[in-house]
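Visitor: Sequence and computational prediction follow.
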Amino acid sequence: IMYNEGISNVGSLIDIALEKGVLEKRGSWLSFKGNQLAQGRDAAKEALKADENLYKEIEEATLAAMNAAEALEMVNRSRETGTLLVEGFKWRYDPQHRAAFELLASGRIGAVRSVHGAFSAPLAGRAGADNWRFDPARGGGSLYDTASYLVHFARAAMNGDPISVMAVTPDATEGGAELSAAMILEFDEGRVALLQSSYTQAYHQSVKVIGTEGYLRYVIPFDSRSSRDAEFVTTPPLAARIDIHGNDFSLETLEFLPCNQFEAQLTAVFDVLRTGEQVPASGEFAVGSMATLDALRTSIASGRKVAL
């Protein structure tokens, strides 16, 4: 925290880049890719402030050094120690998702061909400027927050990883965190996921899984909490619903009572520890999601499609 400046994004980036080995320090000199950057931390901050392209290059390299690599490191460590590692997605333990994935596995809607999803909350203008969501050096931005739900869901519904991704962001904070992201995930056999996340749009969450024989439409797929302190909103608990549409224009609706997803996740983890079964949101699965998110951020920075 700097006097008259607040939290220094540049300083935070330098510290994390040094920790991740993106920047090297020999004596008082800091180097990037073998080239001397500046002598001393303060001089390095001024150098990055003066060169926006260099700042973005170091930021991109630092973000890439985090996330997927760290997720894999956690998985490897959990295997070495025999520790259960679970991705913190409580929504995967909601009864609606168990029912929906059983439907997908049964072939009820045929072969899955596409996933359409959106998840947004109007945090911009509501959460404080020092909120981590607006600081890319701390993993902020809609991409690593609301979009991560969509990416996880798309990979699970497609039962695989994308082969390439493309993303754009229509707006960003001064610090560089994406307030919104529009994403295309290309899977094998011509399958595709079209996803959008945002901090500037109205409260909205929906997912549609389209197959060759019908489609599923989720209402309230992710967050059914009745209180969201960060967004300054309190509502009654939200009930979930899945609509199952067939090619013959049939419609079946499955309704689910409001679920405490935290309790559901904790119960499932206890059951896994007792039985040894696999959790639906394992650490191993998270590595693929993080690699996809890293590629999406690279696509936003470069303006190009990124192969995985």
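Guide: That came in fine, so what should we check first? Numbering: from 1, shown residues only.
Visitor: going forward, measure contacts between C-alpha atoms and count neighbours the same way
Guide: OK.
Visitor: All the helices of the stretch 101-250 of the chain, residue numbers only.
Guide: Under the criterion DSSP state H, counting those that start in this stretch, the stretch 101-250 of the chain contains helices at 146-158.
Visitor: Output the below-cut-off pLDDT ranges for it.
Guide: Applying pLDDT under 70 to the stretch 101-250 of the chain flags residues 137-138, 173-175, 225-237.
Visitor: repeat that for 50
Guide: Low-confidence segments of the stretch 101-250 of the chain (pLDDT under 50): 227, 229-231.
Visitor: Where do the strands of the stretch 1-150 of the chain begin and end?
Guide: Applying DSSP state E, counting those that start in this stretch to the stretch 1-150 of the chain gives strands spanning 23-26, 29-32, 35-39, 112-120.
Visitor: burial measure for the closest residue in space to Glu284 that isn't next to it in sequence, as a count.
Guide: Nearest residue to Glu284, sequence neighbours excluded (Cα to Cα, 6 or more residues apart in numbering): Val75, at 6.3 Å. As a burial measure, Val75 scores 21 neighbours (other Cα atoms under 10 Å).
Visitor: Check the one 3 residues further on too.
Guide: Using other Cα under 10 Å, Ser78 is surrounded by 14 other residues.
Visitor: deepest of the strands of the stretch 1-150 of the chain, which one?
Guide: Of these, the one with the most neighbours on average (mean count of other Cα atoms under 10 Å) is strand 112-120, at a mean of 22.
Visitor: can I assume Ser28 is in contact with Gly40?
Guide: Yes. If you go by Cα atoms under 8 Å, Ser28 and Gly40 touch, sitting 5.2 Å apart.
Visitor: the more surrounded of these two?
Guide: Using other Cα under 10 Å as the criterion, Ser28 and Gly40 rank with Gly40 on top: 13 against 9.
Visitor: picking up where we left off before, and the residue nearest to Glu284, what does it touch?
Guide: 85, 283-284 (Cα atoms under 8 Å, 6 or more residues apart in numbering).
Visitor: Show only the entries of those residues found in helices.
Guide: Counting by DSSP state H, the contacts of Val75 place 283-284 in helices.
Visitor: Could you export the contacts of Val75 as TSV, including neighbour count?
Guide: Output for those, formatted as TSV (neighbours: other Cα atoms under 10 Å):
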residue	neighbour count
Leu85	18
Gly283	20
Glu284	16
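Visitor: In JSON lines: the strands of the stretch 1-150 of the chain, plus distance to Ala157.
Guide: Putting the strands of the stretch 1-150 of the chain into JSON lines (distance: least, Cα to Cα, whole Å) gives the following:
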{"stretch": "strand 23-26", "distance to Ala157": "39"}
{"stretch": "strand 29-32", "distance to Ala157": "40"}
{"stretch": "strand 35-39", "distance to Ala157": "45"}
{"stretch": "strand 112-120", "distance to Ala157": "8"}
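Visitor: Select, out of those, the one closest to Lys208.
Guide: Closest approach to Lys208 among these (Cα to Cα): strand 112-120, 5.1 Å.
Visitor: Could you list the paired strands of that closest one along with their orientation?
Guide: Applying DSSP bridges to the sheet, strand 112-120 is found paired with strand 192-198 (parallel), strand 204-211 (antiparallel).
Visitor: still on that earlier bit, looking at the contacts of Val75, spot the one nearest Met166.
Guide: Nearest to Met166 out of the contacts of Val75 is Glu284 (Cα to Cα; 23.6 Å).
Visitor: Against Leu195, how distant is Ser120?
Guide: According to Cα to Cα, to the nearest Å, Ser120 stands 11 Å off from Leu195.
Visitor: Please disregard the earlier target; I meant Pro280.
Guide: Using Cα to Cα, Pro280 is found at 21 Å from Leu195.
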